[in-house]
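Participant: What follows is a predicted protein model with its sequence.
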Amino acid sequence: PHNVTKGANGVLTVAGVEVTKLAEEFGTPAYVVDEDDFRGRCQAFRAGFDGWDVYYAGKAFLCGAVARWVAEEGLRLDVCTGGELAVALRAGFPPERIAFHGNNKSEAELARALDAGVARIVVDSHDEITRLAKLAADRGVRAPVLVRVTVGVEAHTHEYIATAHEDQKFGFSLADGDAAAAAERVLAEPALELRGLHSHIGSQIFDSSGFEIAARRVVGLHAQIRDRHGVELPELCLGGGFGIAYTTQDDPESPAQLAAELGAIVEHECAAYGVVKPRLSVEPGRAIAGPAVFTLYEAGTVKTVQLDAGASRTYVAVDGGMSDNVRTALYDADYSCTLASRWSDAPPALSRVVGKHCESGDIIVKDEFLPADVHPGDLLAIPATGAYCRSLASTYNHVPRPPVVAVRAGEARLIVRRETEEDLLRLDVW
Ligand code: LLP
């Protein structure tokens, strides 16, 4: 994050607070949020995507405080379950700025969203159209709907795959004509109002050519709907997926650059199809939450193993692991790590940061050069853990989930407390 520096004594400082102090006060492991950095990223998206609607994708990380920050910074919010919706509503997030996603929303979830008056419901299946139309009709309301189109583009990091077909659970396939059929059904339902189309092609994307193909295909459908039904849909959502730097090799574009690129792509496609450019929206999650957080751990057991050809690897085990960051185990994600509690001039040693869970895949950082004298009691910081870490956390091995500490202008405060042993035992029926 922006307000993180390392002092001459080697101690990492966030917004004026030394991590040694944070560890003393809140314990480890802990997720540490640089609040001004999180808010700054919201502002950068809002300013960069001027004239667009920007939805923060709450799946990346959501809690009451984060919902309030997002609301205060003037963004909208994408929720994808009744649970995320509940957090948002409890935090006082204005429902008229919430969009509701998900491939299998239950009737109860849809009813709650309608009763709350959310801004958009992104319909994902024919079953959902049936369900939502009935629930809206029962309530005498007209539900504002986007149709989620799967465009045959799957993008991850620096690569994308464009095919005709979508073999996955989300949305209505374009190639099958299913997306056109869904739009037609929504248009024909008096209790539903078709506001536009939605496309989301993947996550941690650096290459805009995937967006280009997606935009071409989705604007093509937009034109087809205009031609067949005489309706110019007013909105188009391009989803999220903007990549962040996990290691120094990644070099993400700024929100303003992304907006310029995506805007030009859509404009070009709209001109080509001769349709009026709809109001555009995006749904960044990772790009807002990811870089604003680091995880603070305490090192415990350290062991060195000999590899072939005289090389060695040091395993540094920390007091958390795949229960608070499953991304390395699940996606083979890359992270970096830094010694955060002291200065060391020991030579660098090839190290692997691992957790305390009972499986060998419990790795947080695959390869990092840490000082060779890292020892029990040292604090380690793993940057860029704000997205899909706390939100994917589990209590595997009955390890309580870490707290989230927000630091701003020299003050640290708890925004999510540490789970306790009592919390873990609470659900058992004794
Ligand atoms: N909109 C929709 C419809 C989505 O499905 C997602 C993410 C987003 C927006 C936000 O995408 P973002 O800007 O955060 O990339 N757990 C995985 C990522 C899963 C993404 C799911 N959908 C990971 O840790 O890499």
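Facilitator: Great, that's in hand.
Participant: what does the stretch 1-150 of the chain put close to the ligand?
Facilitator: Ala57, Lys59, Ala60, Asp78, His101 (Cβ under 6 Å from any ligand atom). In this view, the C-beta of every residue, glycine as well, is placed from N, C-alpha and C.
Participant: between the residues you listed, which is closest to Asp138?
Facilitator: Closest approach between these and Asp138, by Cβ to Cβ: His101, at 22.3 Å.
Participant: Give the buried residues for stretch 345-364.
Facilitator: Buried residues in stretch 345-364, defined by neighbour count with 16 or more other Cβ atoms under 10 Å: Ala349, Ser351, Arg352, Val353, Val354, Gly355, Lys356, His357, Asp362, Ile363, Ile364.
Participant: One more: stretch 8-25?
Facilitator: Quick answer for stretch 8-25 (16+ other Cβ under 10 Å): Val11, Leu12, Thr13, Val14, Ala15, Val17, Glu18, Val19, Thr20, Leu22, Ala23.
Participant: Show me those that map onto strands.
Facilitator: In strands, judged by DSSP state E, the following of these are found: Leu12, Thr13, Val14, Val17, Glu18.
Participant: okay, now Ala91: neighbour count?
Facilitator: For Ala91, the tally of surrounding residues (other Cβ atoms under 10 Å) stands at 18.
Participant: Kindly report the same for Asp308.
Facilitator: 5.
Participant: Next one: it from Ala67, what distance?
Facilitator: Note on Asp308: its distance to Ala67, by Cβ to Cβ, to the nearest Å, is 51 Å.
Participant: do Ala113 as well
Facilitator: 16 Å.
Participant: what's the answer for Val14, then?
Facilitator: Val14 is 22 Å from Ala67, by Cβ to Cβ.
Participant: residues contacting the closest residue to Gln306 other than its chain neighbours?
Facilitator: Excluding the flanking residues, the one nearest Gln306 by Cβ to Cβ, 6 or more residues apart in numbering is Ser312, at 5.2 Å. Residues in contact with Ser312 (Cβ atoms under 8 Å, 6 or more residues apart in numbering) are Thr304, Val305, Gln306, Ala349, Leu350.
Participant: could you dump these to CSV with pLDDT and distance to Ala381?
Facilitator: Converted to CSV, the contacts of Ser312 look like this (pLDDT from 0 to 100; distance: Cβ to Cβ, whole Å):
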residue, pLDDT, distance to Ala381
Thr304, 97, 22
Val305, 97, 24
Gln306, 96, 28
Ala349, 98, 18
Leu350, 98, 19
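Participant: of all these, which comes closest to the ligand?
Facilitator: Closest to the ligand out of these is Leu350 (25.5 Å), distances taken as Cβ to the nearest ligand atom.
Participant: phi, psi of the closest one?
Facilitator: Phi and psi for Leu350, reported as degrees, to the nearest 10, are phi -60, psi 120.
Participant: Report the contact partners of the nearest residue to it once chain neighbours are set aside.
Facilitator: Leaving aside its sequence neighbours, Leu350 sits nearest to Arg313 (Cβ to Cβ, 6+ apart; 5.3 Å). Taking Cβ under 8 Å, 6+ apart, we find Arg313 in contact with Thr304, Val305, Leu307, Leu350, Ser351, Arg352.
Participant: Many thanks, we can stop here.
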